[in-house]
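Colleague: have a look at this prediction, sequence included:
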Amino acid sequence: MSAAPKDRAADAAPAVGWSRDGIAERVAQDIPSGSYVNLGIGIPELVARFVPGGRTLVYHTENGLLGMGPSPAAGQGDPELINAGKRRVSMMPGAAFFDQATSFAMIRGGHLDLSVLGAMQVAANGDLANWSTGADDAIPAVGGAMDLVAGVKRVFVMTTHVTKEGTPKLVERCTYPLTGRGVVTRIYSDLAVVDVTPRGFELLELAPGVSYEFVKERTGAPLLRDRMRQQGP
Amino acid sequence: MSAAPKDRAADAAPAVGWSRDGIAERVAQDIPSGSYVNLGIGIPELVARFVPGGRTLVYHTENGLLGMGPSPAAGQGDPELINAGKRRVSMMPGAAFFDQATSFAMIRGGHLDLSVLGAMQVAANGDLANWSTGADDAIPAVGGAMDLVAGVKRVFVMTTHVTKEGTPKLVERCTYPLTGRGVVTRIYSDLAVVDVTPRGFELLELAPGVSYEFVKERTGAPLLRDRMRQQGP
Amino acid sequence: MIDKRFASARDAVADVHDGATVMIGGFGEAGSPIELIHALIDQGAKDLVVVSNNTGTGLVGLAALLRAGRVRKVVCSFPKTAGSTVFPDLYRAGKVELELVPQGTLAERIRAGGAGIAAFYTPTAAGTPLGEGKETRAFNGREHVLEHGLRADFTLIKGRVADTHGNVMYHRTARNFAPMMATASSCTIVQAAEVVPAGELDAEAVVTPGIFVDRVVHVAEPALESALNEAGASYP
Amino acid sequence: MIDKRFASARDAVADVHDGATVMIGGFGEAGSPIELIHALIDQGAKDLVVVSNNTGTGLVGLAALLRAGRVRKVVCSFPKTAGSTVFPDLYRAGKVELELVPQGTLAERIRAGGAGIAAFYTPTAAGTPLGEGKETRAFNGREHVLEHGLRADFTLIKGRVADTHGNVMYHRTARNFAPMMATASSCTIVQAAEVVPAGELDAEAVVTPGIFVDRVVHVAEPALESALNEAGASYP
């Protein structure tokens, strides 16, 4: 789709687990051909680069385009053909433009198959916090995040497993202001793929070279592993 | 706009007061140029024929067209270019098509300046009954009538003053099922023009050769005349 | 590659189940998807709830579906168009239920159903028999009625042109309820007089984006109710 | 003859009063009616309530209106775009109020305001800080928030082409909020890069029908925020 906004160099050598691109690639594997998908601003946009050959996804951008295509070269493109991150994009064959009421009818009405979003925190009950730290001096801004989590059929979260400070992002209960309650379906982190189930977090898959214990230590809530795949990817 | 559906011959010799065309002509005089107007199915459609030269009205038909033009000759036209009465019409320059949600957003949202509707009964408080006699064997059918009266800025009623049986249509209180409460602005009958005001029916104008007493006798509620024009038309 | 084309109207309606709620586009004959309705008659599903502005005329299309005894209930604003005898007869005989909804409320309920809006307050029908028994509430001193979103299992609509992604454009006043109905059902089936590859429609002029459409059937020369009725046709 | 053309942006915004609520189209720079906003700055109305998805970037357009101290309150979903410093500074200094609304709820509230829907129930924001203090209600076991229609005194939007009746078509993702905003104010003002006589637009492709538009201003080469900002522009 479009370039990640910053420090791509960091991708070169992850300490352990999947790189940012690696997570994106892992997410992309799980999206069936023909899906209508909304990729959140930032890291989730990487997913579009790794969709396996032969699959066609239709990308929705909530500012009013279905059938969004890759960003043009820097300085090229149309300043009024942009995505929700306000960067220039292109159109694919079969694209359609529409207004915001229609765009969010698609979202809220359950017409999109999947949204991939970033996260500050995800709780074991599927609660998501990804729009505000709640800090006093923060400028609150929510955009379409609350609509997406309320309406899209499946919500995947794509995130580092812990913050830069090493604090778990997968937690028992979110301390940041919520984006939505019980909305996250699955989490793709640099360390693992984790399902959100009625029993809480369930490990589905480990990143190469990462152990269950390693992930468990970095997860702020119980991490079940009954359903983990027997073979890694 | 389009031909009246039946008995045009009746127009030739009204016993007293305005003919059907005469009422339509009188209504047309009161519609300012530039108005967005919805003419109800049937008699109100006649109004379009009598709009004074130099005035441009834009006609809305609730099935999805703004800028409706006259009906084509019999057998001509497009069976999918029709009005709310399901008769073929034409388009004027500046016309636009839209769906039903948008069409009724125009109506309910107060965007239309005027609707001219038929009536079974109008009450002194502006209540209108024009969709059902409430008879047991009637097939109930309402169409857009309730939306029009709820949303259009001004609702004119165009009607005979009494029924075929001589019963007043302007009444103290409607006995037929209501279309809307307190919605009628003004009534144009074959005998008079009557405003609906907070004080009840107020005579505004008499048809040629008709006396106040004559109209009063045929009106089922008090008929004030303080505001009646000093000169007839 | 995305290709929503189905080979025939018959294939497209094959899985409509007994008891299904089916939205059917059209205002009068404009936009009535006659070939899809006839395919539904052939298919045989019964006990249907039909959401449509009218009830058809003559003995074809929607009137024929009613006449075949397949419809348990109609949700409708105007079931007695000139030339409509099938529904009135069934209704008077107590053989079909009717939920009468003002036309604008019907449109808005369908839109709400498709847009994830559970319910809304409208001034339409307040103080009338069609508002009776419904929750009401005053906003700015004016009474409003609470109306709920409406959804269906299937939607049958008619387009002028569709592409393989399901993008649809309509013909004049045939548009009417189709764009909302397309959004409000689990499976939306479009018959279109022309079907083109994705990329051939003007992205600015698409009325129904493909995300709302599940199946596209090419019906090159769709029949019109008035023409069939003038010819004295009946279906099947 | 209907002719909604105004000679200039200045004429078109001349009667905006102090304290007015003004809806302004645009998502980022796409669809931002810069010339109308600049005319509004020149005109001098203050104490405005602005409804817009963002708060502008640099020192032009919406950011310039804010910087000029004319805005009392912003109703907005995302007031901190990259390149936006004016609003954050004013907000931190307590010089402007913010009503933060989820983007889809903002769109739907504006649509409701224009469509005569007093209020609606949406699942968006239920259980979050933006749903707090609002009436909630469960539908099918799911919590919904009651949101009210939103209206304005004036709407400023940007079209690609308009006709003399006020019919408007947009350019790509510049469409965004304009079609709803056009419906939801007492006076809707469109600046369009091209203005044509009624009858030249395709009636099937009109996005905003003229009934929603009061004034049309021809702005042949509208400026873009990004280009102005790259050039280091500020307004006035």
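Modeller: That came through, no problem. Numbers count the residues shown, from 1 in each chain, chains lettered A, B, ... in the order given.
Colleague: so how far is residue C:135 from the closest residue to residue A:67 other than its chain neighbours?
Modeller: If the residues on either side of it in the chain are set aside, residue A:67 comes closest to residue A:95, at 3.0 Å by C-beta to C-beta, 6 or more residues apart in numbering or on different chains. (Glycine included, C-beta is placed from N, CA and C.) The span separating residue A:95 from residue C:135 equals 42 Å under the rule C-beta to C-beta, to the nearest Å.
Colleague: mind checking which of the two has more residues around it?
Modeller: Neighbour tally, residue A:95 and residue C:135, criterion other C-beta atoms under 10 Å in any protein chain shown: the higher count belongs to residue A:95, 26 against 12.
Colleague: would that one count as being in a helix?
Modeller: No. Note on residue A:95: no helix contains this position according to DSSP: H, G, I helix; E, B strand; the rest coil, which reports strand.
Colleague: does it really touch residue A:61, like I thought?
Modeller: No. Between residue A:95 and residue A:61 there is no contact, the gap being 10.5 Å when judged by C-beta atoms under 8 Å.
Colleague: which neighbours do those two share?
Modeller: Counting by C-beta atoms under 8 Å, 6 or more residues apart in numbering or on different chains, the residues touching both residue A:95 and residue A:61 are residue A:68.
Colleague: report the contact partners of residue A:193.
Modeller: Under the criterion of C-beta under 8 Å, 6+ apart, the neighbours of residue A:193 are A:26, A:186, A:187, A:203, A:204, A:205.
Colleague: ok, which pair from the residues you listed is furthest apart?
Modeller: Within the contacts of residue A:193, A:26 and A:203 form the most distant pair, 13.9 Å apart (C-beta to C-beta).
Colleague: can you list the weak-confidence ranges in chain A?
Modeller: Across chain A, residues meeting the criterion (pLDDT under 70) sit at A:1-14, A:227-233.
Colleague: flag every residue of it that's near chain C.
Modeller: Residues of chain A lying near chain C by C-beta under 8 Å from any C-beta of the partner chain: A:34, A:36, A:56, A:58, A:60, A:66-67, A:91, A:93-98, A:101-102, A:104-112, A:150-151.
Colleague: where along the chain do the helices fall?
Modeller: Picking chain A for this. A:20-29, A:100-108, A:145-151, A:212-217 (DSSP state H).
Colleague: right idea, wrong chain: chain C
Modeller: With DSSP H applied, chain C shows helices at C:9-12, C:34-43, C:61-67, C:86-92, C:103-115, C:178-183, C:225-230, listed in chain order.
Colleague: separation between the closest residue to residue A:88 other than its chain neighbours and residue A:49?
Modeller: Excluding the flanking residues, the one nearest residue A:88 by C-beta to C-beta, 6+ apart is residue A:77, at 3.5 Å. In this view, residue A:77 and residue A:49 are 18 Å apart by C-beta to C-beta.
Colleague: gap between the residue of chain C found nearest chain B and residue D:206?
Modeller: Distances from chain C to chain B, computed as C-beta to the nearest C-beta, single out residue C:104 as the nearest residue at 3.2 Å. Separation of residue C:104 from residue D:206 (C-beta to C-beta) stands at 20 Å.
Colleague: the more surrounded of those two?
Modeller: Neighbours per residue (other C-beta under 10 Å) separate residue C:104 from residue D:206, with residue C:104 holding more: 31 against 25.
Colleague: now do the contacts for that one.
Modeller: For residue C:104, the residues meeting the contact criterion (C-beta under 8 Å, 6+ apart) are B:62, B:100, B:103, B:104, B:107, B:108, B:144, B:146, B:147, B:151, C:122, C:124.
Colleague: apply 7 Å and report the result again.
Modeller: B:104, B:107, B:108, B:144, B:147, C:124 (C-beta atoms under 7 Å, 6 or more residues apart in numbering or on different chains).
Colleague: chain A against chain B: which residues are in contact?
Modeller: Counting by C-beta under 7 Å from any C-beta of the partner chain, chain A comes close to chain B at no residue.
Colleague: among the contacts of residue A:193, which one sits closest to residue B:128?
Modeller: Set against residue B:128, the nearest of the contacts of residue A:193 by C-beta to C-beta is residue A:186 (56.3 Å).
Colleague: burial of that closest one, as a residue count?
Modeller: Taking other C-beta under 10 Å as the neighbour definition, residue A:186 ends up with a count of 22.
Colleague: do the same with residue A:42
Modeller: Under the neighbour criterion other C-beta under 10 Å, residue A:42 is assigned a count of 14.
Colleague: returning to what we had before: turn the helices of chain A into CSV, columns for distance to residue C:25 and mean neighbour count.
Modeller: Formatted as CSV, those follow (distance: least, C-beta to C-beta, whole Å; neighbours: other C-beta atoms under 10 Å in any protein chain shown):
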stretch, distance to residue C:25, mean neighbour count
helix A:20-29, 37, 20
helix A:100-108, 18, 27
helix A:145-151, 24, 30
helix A:212-217, 52, 14
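Colleague: and of those, who's closest to residue B:41?
Modeller: When those are ranked by distance to residue B:41, counting by C-beta to C-beta, first place goes to helix A:100-108 at 29.9 Å.
Colleague: against which helices or strands is that closest one packed?
Modeller: Contacts defined by 3 or more C-beta pairs under 7 Å, 6 or more residues apart in numbering or on different chains; DSSP states H and E place helix A:100-108 against helix A:145-151, helix C:103-115, helix D:103-115.
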